[in-house]
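Peer 1: Predicted coordinates and the sequence they were generated for:
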Amino acid sequence: MKLIISGGGTGGHIFPAVAIANEVRRRFPDAEILFVGANGRMEMTRIPEAGYEIIGLDIAGLQRSLTPKNLLFPIKVMRAVRKAGKIIEKFRPDAVVGVGGYASAPVLLAATSRGIPALIQEQNSYAGLVNKLLAKRVQRICVAYEGMEKFFPSNRLTLTGNPVRTEIASGQRAEALAFFGLDAARPVLLVIGGSLGARTLNQATATALPRLQEAGVQLLWQTGKLYFPEAGKQAAPFAAAGLQALEFIRRMDLAYAAADVVVSRAGALSVSELCLTGKPSILVPSPNVAEDHQTKNALALSTQDAALLVRDAEAAATLYDETLALLQNPARQQQLSTNILQLARPQATATIVDELLKLIPNA
Ligand SMILES: CC(=O)N[C@H]1[C@@H](OP(=O)(O)OP(=O)(O)OC[C@H]2O[C@@H](n3ccc(=O)[nH]c3=O)[C@H](O)[C@@H]2O)O[C@H](CO)[C@@H](O)[C@@H]1O
């Protein structure tokens, strides 16, 4: 069994791809799995860390402003499709999976034009550009939200939920506290700004450090690469009190296991992981994403009383009042935890791989 998985750009595309690969490998230990990503993007380091080989294409998105770089765009796409074609002819996959992001377009184009079956996994409640453009060429589109018929041909859709890495929900609290050097007697707050970090969350968190220290709260503050130099300095005086800034968390399983309460952006995978781990959560959707889809992700939970929602514009004023109130209210934490667990889709990865195998007659 030979599989190519393509796409990336952010963690929200990369980690579902890893979850699918892990499930294929669990079922077919001899499966050969090759990733194709975009040079310079996060997948080029995260995929090898997850134990898989990746080849990079020179491809980037169109710039939104008028720039000479855009003139080269069609040439770059054509080159990338040609390189993807060569990769496919050499590797000869039985099927191709696209998880969205720049690199998935040339790979899906090259694969489908050679008659190789293809599946798209769409993480969000709106369709990404690449997925929308290529939907008619692929056999199956696995989605995480209802109502995706408005973007995709309904006869090819399967509602599966998002694939989450299996280890995410299996972290043990004692190991987690030891791993991060935290004290079991005091509450732990986890702040995650999505795979790239979030300016609003970082600013609000930096301002709240003295309040958190005073309340005896310990903090795992994932800042993102861009913001870490500043955030690291801001957090340093609070290290002895158990408040720590982290650029990127490799052991998200342990970060979730350590946390009593989570403050997070509402990226699709973060939301799916919070559902699976049952964490009492406060979601602060990014306002800078297409179609405001993070707000839709967050509303799907907050309207069920499965998470609290704080708007980005209000975060500076209210986020840490809400967070400290929740940290001090175990009954409310329990209620949110019970409700969010109801929304988990633990079978998502298995269902996606079932769908994929239907495309490969002799698998
Ligand atoms: C700004 C932006 O474009 N965000 C999009 C991006 O989000 P983003 O890349 O932030 O993705 P998500 O919130 O969906 O998922 C983040 C993933 O990264 C992992 N993680 C995160 C931080 C860390 O330190 N370590 C770590 O491993 C999480 O466990 C999770 O698996 O893709 C999502 C899925 O298409 C979209 O819904 C988001 O709107």
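Peer 2: Sure, I can see it.
Peer 1: Just the local confidence number for whichever residue of the stretch 51-200 of the chain sits closest to the ligand, please.
Peer 2: Nearest residue of the stretch 51-200 of the chain to the ligand, counting by C-beta to the nearest ligand atom: residue 194, 2.4 Å away. Quick note: C-beta positions are derived from backbone N, CA and C, even for glycine. Listed pLDDT for residue 194 reads 94.
Peer 1: Residue 245 versus the nearest residue to it once chain neighbours are set aside, what's the distance?
Peer 2: Once flanking residues are discounted, residue 194 sits nearest to residue 265: 4.2 Å by C-beta to C-beta, 6 or more residues apart in numbering. Distance, residue 265 to residue 245, by C-beta to C-beta, to the nearest Å: 16 Å.
Peer 1: Residue 299 now?
Peer 2: 29 Å.
Peer 1: now swap in residue 212 and tell me
Peer 2: 12 Å.
Peer 1: Please apply the same query to residue 55.
Peer 2: Applying C-beta to C-beta, the value for residue 55 to residue 245 is 34 Å.
Peer 1: Could you check which of those two has the larger neighbour count?
Peer 2: residue 245 (25 against 21; other C-beta atoms under 10 Å).
Peer 1: Would you mind listing the residues in contact with that one?
Peer 2: 221, 223, 228, 231-232, 234-235 (C-beta atoms under 8 Å, 6 or more residues apart in numbering).
Peer 1: What of residue 239?
Peer 2: Residue 239 makes no contacts at all, as judged by C-beta under 8 Å, 6+ apart.
Peer 1: for it, helix, strand, or coil?
Peer 2: helix (DSSP: H, G, I helix; E, B strand; the rest coil).
Peer 1: partner residues bridging the closest residue to residue 149 other than its chain neighbours?
Peer 2: Leaving aside its chain neighbours, residue 149 sits nearest to residue 157 (6.6 Å; criterion: C-beta to C-beta, 6+ apart). For residue 157, the beta-bridge partners are residue 141 (DSSP bridges).
Peer 1: any idea how far residue 234 is from residue 219?
Peer 2: As defined by C-beta to C-beta, residue 219 lies at a distance of 12 Å from residue 234.
Peer 1: so what's in contact with those two at the same time?
Peer 2: With C-beta under 8 Å, 6+ apart as the test, residue 219 and residue 234 both reach residue 209.
Peer 1: Looking at the two now, which is surrounded by more residues?
Peer 2: residue 219 (25 against 19).
Peer 1: quick check: mean pLDDT across the host helix or strand of that one?
Peer 2: Residue 219 is part of strand 218-222 when elements are defined by DSSP states H and E. Mean per-residue pLDDT for strand 218-222: 98.
Peer 1: quick one: secondary structure of residue 124?
Peer 2: coil.
Peer 1: quick one, what contacts the residue of the stretch 1-150 of the chain found nearest the ligand?
Peer 2: The nearest approach of the stretch 1-150 of the chain to the ligand comes at residue 12, 2.2 Å away (C-beta to the nearest ligand atom). By C-beta under 8 Å, 6+ apart, the residues touching residue 12 are 123, 194-195, 267-270.
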